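>>> quick check, what structure comes out for this input:
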Amino acid sequence: MRIGDLASKASVNPKTIRYYESIGLLPEPERTHAGYRAYTERDTDRLVFIKTAQRLGLRLDEIREILSLRDQGQRPCDYVRETLRHQVTEINQRITELRTLRDELVSLDALADDLINTDVAHGCPLIEHAHRCEQ
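Below is the predicted model of the structure:
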């Protein structure tokens with residue numbers, strides 16, 4: 001199949017396929033006599049695997065490692081599990097940061113009417129207040 005067919009089957013842009021080839025996530029495909037890329041179902045499976053891994057939040061370098069292990073005949077499940085656990089930890093940290101930010105914004109909004117009426121020569125009194133509170 002040609003690149004457009006592969007892109008359609010995997011719901012990606014042909015540029016994405018070319019990019020994945022350039023960084024080694026997809027192997028260089030064989031070429032037809034006319035020079036067109038010729039893909040197989042195996043390429044479709046690999047591309048779907050990459051897109052699924054991305055949807056799970058894995059970075060391209062992590063996906064490359066997983067594919068490398070798989071290509072060497074190893075099951076990458078331990079690596080994937082470790083990576084996903086690390087990702088959960090990062091997400092939990094980000095959730096904590098977002099909750100703190102939300103609380104700060106709600107508090108700032110509650111003060112907004114009083115702060116906006118203050119005389120600040122430059123800038124915004126809301127941001128100036130937030131800056132003073134973080135010091």
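
>>> ok, which stretches of the chain are strands?
Under the criterion DSSP state E, strands of the chain are mapped to 30-31, 37-38.

>>> report pLDDT for the residue nearest to the spatial centre of the chain.
In the chain, the centroid-proximal residue (C-alpha atoms, centre = their mean) is G57; its distance is 5.4 Å. Here the pLDDT value assigned to G57 is 92.

>>> swap in H122?
The model reports H122 with a pLDDT of 66.

>>> tell me the buried residues in the helix ranked longest in the chain?
Identified as the longest helix of the chain according to DSSP state H is helix 77-116. By neighbour count with 16 or more other C-beta atoms under 10 Å, helix 77-116 contains the buried residues Y79, V80, T83, L115. In short, each C-beta sits where N, CA and C put it, glycine included.

>>> my guess is the first one contacts S68. True?
No - the pair formed by Y79 and S68 falls short of the contact definition of C-beta atoms under 8 Å, at 9.8 Å.

>>> pull the CA atoms of the helix or strand of the chain at the bottom of the mean pLDDT ranking into PDB?
Scoring the helices and strands of the chain by mean pLDDT, DSSP states H and E places helix 125-134 at the bottom, with a mean of 79. Extracted C-alpha coordinates of helix 125-134, given in PDB (Å, rounded to 0.1, in the frame of the first residue of the first chain):
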ATOM      1  CA  PRO A 125      -3.300  44.900  40.500                       C
ATOM      2  CA  LEU A 126      -4.400  41.200  40.400                       C
ATOM      3  CA  ILE A 127      -1.000  40.100  39.200                       C
ATOM      4  CA  GLU A 128       0.800  42.500  41.600                       C
ATOM      5  CA  HIS A 129      -1.100  41.000  44.500                       C
ATOM      6  CA  ALA A 130      -0.300  37.500  43.400                       C
ATOM      7  CA  HIS A 131       3.400  38.400  43.200                       C
ATOM      8  CA  ARG A 132       3.400  39.900  46.700                       C
ATOM      9  CA  CYS A 133       1.700  36.800  48.100                       C
ATOM     10  CA  GLU A 134       4.300  34.500  46.700                       C
END
